[in-house]
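**Student:** for reference, the sequence and a predicted model appear below.
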Amino acid sequence: MTEFSKIDLERKLEEAKKEIEYYKRIAEQVGNLCLRETEALSKLLRWRKQAEEALKEREVELARKNLRLEELNSALKILLEKRDQDKTELEDNILININKLILPYVEKLKKAGLSDKQEVFADILQSNLEDIVSPFARKLKSKYLGFTPTELKVANLVKQGLSTKEIADLLNSSPETISGHRKSMRKKLKLTDKKSNLRTHLLSLNNG
């Protein structure tokens, strides 16, 4: 019985050793697996950090580009507004100068005893000049809605700072008639009961 127990004990001891070796190998495998997983996790964390840094750099770059784009857009808007303003001023100046410096003298020329042929040429000259400025006059009329053609001419000359007498001379009219046009314009602009200066108000409409 004692002998059998010894053999049985040795067998169990051998089995225990095998189990220990087995679990030892399992532990080594688990350890190796954990090591590989740790290395993979470390690489993943490094990649994530690099990706985050690259993303931050990209965001900073995009923010810089957006700021630059906003600045360019603002500059472009200013340039376009300036171009439109310059275009409007040029059109107004052409209209005003023709009405002020050319058409009044054409009218005087037509009353200077011209021959029939000369009168035809003068009419053609006046018609062509009016055709040139008509697009500008239509734009101007939209600002001064309700003004008559004569009132538009007076308004242009008022904007230039001319007095009632000077305007009358240029338009072959009387100061009283020009004063009447000015009163009519003030009424249409609803300035009758106000102390607003007509020229200042017309210039503000021109810049609007």
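**Tutor:** The structure has been received and is ready for your questions.
**Student:** with only the CA atoms kept, save stretch 97-104 in CSV.
**Tutor:** Extracted in CSV, the C-alpha atoms of stretch 97-104 (Å, rounded to 0.1, in the frame of the first residue of the first chain):
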residue,chain,number,x,y,z
ASN,A,97,-20.3,119.2,-68.0
ILE,A,98,-22.3,118.6,-71.2
ASN,A,99,-25.4,120.3,-69.7
LYS,A,100,-23.3,123.1,-68.2
LEU,A,101,-20.6,123.7,-70.8
ILE,A,102,-21.9,122.5,-74.2
LEU,A,103,-25.7,122.3,-74.5
PRO,A,104,-26.3,125.9,-73.3
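**Student:** please shift the residue numbers so they start at 32 in all later answers.
**Tutor:** Understood, numbering begins at 32; the last thing we discussed is stretch 128-135.
**Student:** report the buried residues of that stretch.
**Tutor:** 129, 130, 131, 134, 135 (16 or more other CB atoms under 10 Å). Every residue, glycine included, has its C-beta placed from N, CA and C.
**Student:** now for the helix of greatest length in the chain, which elements pack on it?
**Tutor:** Longest helix of the chain, by residue count under DSSP state H: helix 33-128. For helix 33-128, the contact count by 3 or more CB pairs under 8 Å, 6 or more residues apart in numbering; DSSP states H and E identifies helix 147-174, helix 180-190, helix 229-238 as packing neighbours.
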